[in-house]
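Student: my questions concern the predicted model and sequence given below.
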Amino acid sequence: MHPRRPEGFDGLGYRGGGREEPGPGARPFGSASELGHWVTSPPDIPGSRNLHWGEKTPPYGAGTPLGGASLNEEPSLGAGGPGAEQLNRFAGFGIGLASLFTENVLAHPCIVLRRQCQVNYHARNYHLTPFTIVNIMYSINKTQGPRALWKGMGSTFIVQGITLGTEGIMSEFTPLPRELSHKWNLRQIGGHLLLKGLTHVIAMPFYSASLIETVQSEIIRDNPGILDCVKEGIGRVVGMGVPHSKRLLPLMVLTLPTAVHGVLHYVISSIVQKIVLFVLKKDNSHNLPTESSTSVQSMLDAYFPELIASFAASLCADVMLYPLETVLHRLHIQGTRTIIDNTDLGYEVLPINTQYEGMRDCINTIKREEGMLGFYKGFGAVIVQYTLHVAVLQLTKVIYATLLQNVS
């Protein structure tokens, strides 16, 4: 079988080896429209040649006419040569991986201490600044070892997997859309938000089990198995498993605050992400890369606006919903006979003996006994968490810029 691509194009600056004259039944390619049937643009590969905001990959030799190259010129491989081209292709994966690692692994000690402060109604020190948070982290690490700050990390991944899996299955077997199209309407938005709310409700018992693992003190904590989160979540649904006290709230009481928190977090983060991304793209549109631009700046412009928008979205959602998250965690942890670390001292343990009757009673009790700042206990851990995230993003940016400059 002979290939469909012709070996030469007359008058278009492209010549193949061993060009033959057209046969009796053949006709020459005399126009660019006929050439378009044979020569197509390569697929859009993130990090390869998408150098302009809002544009697709430019066709071969963009910026000059198709026949502008001389007959003896080789096609340009782009700035930096094939080494930079290959590094650009993997730049997005590496940058995204660094962001995920920071968000889910490196920041886990901040999540642990933040949750312990939120449920500790005994605490006199609210840890509203990062300085006291770092101090108590050091004290807990010194008395209990590094494992005390990394507990429950496996269960958090399991909850994320259950959430994603549930959302995917429900979107396949129900008319609820998992993603919104460009031509959305109010009905699609309602179905989409309903899907998000139902997903959080289904994952709720496993989230409760994961929360217990992250706040339980390492001093009295046994070594849990990797699937204990799933086992305890199922046990709480069917009313079996680890014995709880009579103060344990039914799952029906937790359904509304859990769904409201999950949907609001998604809505706020989505809106902020769209706004930040629009502003960044608008700013970059005034400084479109030219032919003299380096591939370093092109790569940074292609990937970091997405990461910055995602970072800003998560930060705004966490800050705005922090009081609601404090209430939610106290309701989930009540009656589970959980013993946490003393976040005032760092070397003692405290029991959780709250008696909230529901969400409204929890809000009124916190306001009356701990003041309005009681809703923000452990807020310093959020500052440390996102400061660490910014530092890793900047470090990744510097590393990739250095690598690309060396290659080019």
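Tutor: Cool, the structure landed.

Student: can you map out the helices along this structure?
Tutor: Counting by DSSP state H, the chain has helices at residues 32-35, 81-101, 108-119, 130-144, 153-173, 186-202, 204-215, 228-238, 251-285, 295-320, 322-333, 359-369, 379-407.

Student: could I get those as TSV with distance to Thr343?
Tutor: In this view, the C-beta of every residue, glycine as well, is placed from N, C-alpha and C. Shown next, in TSV, are the helices of the chain (distance: least, CB to CB, whole Å):
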stretch	distance to Thr343
helix 32-35	70
helix 81-101	26
helix 108-119	5
helix 130-144	6
helix 153-173	19
helix 186-202	27
helix 204-215	10
helix 228-238	23
helix 251-285	22
helix 295-320	19
helix 322-333	13
helix 359-369	16
helix 379-407	10
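
Student: export these to TSV and tack on mean neighbour count?
Tutor: Output for these, formatted as TSV (neighbours: other CB atoms under 10 Å):
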stretch	mean neighbour count
helix 32-35	12
helix 81-101	17
helix 108-119	25
helix 130-144	17
helix 153-173	16
helix 186-202	17
helix 204-215	24
helix 228-238	18
helix 251-285	16
helix 295-320	19
helix 322-333	21
helix 359-369	15
helix 379-407	17
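
Student: in the chain, which helix or strand is least confident?
Tutor: strand 14-15 (a mean of 42; mean pLDDT, DSSP states H and E).

Student: and of the helices of the chain, who's closest to Arg221?
Tutor: Taking CB to CB, helix 204-215 is the member of those nearest to Arg221, at 8.2 Å.

Student: model confidence over that closest one, on average?
Tutor: For helix 204-215, mean pLDDT is 93.

Student: ok, stretch 99-107 next?
Tutor: Averaged over stretch 99-107, pLDDT sits at 82.

Student: quick check: end-to-end length of it?
Tutor: 11 Å (CA to CA, to the nearest Å).

Student: what does that stretch rub up against?
Tutor: Stretch 99-107 is contacted from outside by 153, 156-157, 160, 307, 310-311, 314, 385, 388-389, 392-393, 396, using CB atoms under 8 Å, 6 or more residues apart in numbering.

Student: dump those residues into JSON lines; add pLDDT and distance to Val349 as well.
Tutor: As requested, the contacts of stretch 99-107 are arranged in JSON lines below (pLDDT from 0 to 100; distance: CB to CB, whole Å):
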{"residue": "Met153", "pLDDT": "90", "distance to Val349": "21"}
{"residue": "Thr156", "pLDDT": "92", "distance to Val349": "22"}
{"residue": "Phe157", "pLDDT": "91", "distance to Val349": "26"}
{"residue": "Gln160", "pLDDT": "92", "distance to Val349": "28"}
{"residue": "Leu307", "pLDDT": "84", "distance to Val349": "39"}
{"residue": "Ser310", "pLDDT": "89", "distance to Val349": "37"}
{"residue": "Phe311", "pLDDT": "90", "distance to Val349": "35"}
{"residue": "Ser314", "pLDDT": "93", "distance to Val349": "31"}
{"residue": "Gln385", "pLDDT": "93", "distance to Val349": "24"}
{"residue": "Leu388", "pLDDT": "91", "distance to Val349": "27"}
{"residue": "His389", "pLDDT": "89", "distance to Val349": "30"}
{"residue": "Val392", "pLDDT": "86", "distance to Val349": "32"}
{"residue": "Leu393", "pLDDT": "83", "distance to Val349": "36"}
{"residue": "Thr396", "pLDDT": "80", "distance to Val349": "38"}
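
Student: go through the helices of the chain and name the closest to Asp344.
Tutor: Across those, Asp344 has its closest neighbour in helix 130-144 (8.1 Å, CB to CB).

Student: now that closest one and helix 379-407, what's the angle there?
Tutor: For helix 130-144 against helix 379-407, the angle by axes from the mean of the first three to the mean of the last three CA atoms, to 10 degrees is 90 degrees.
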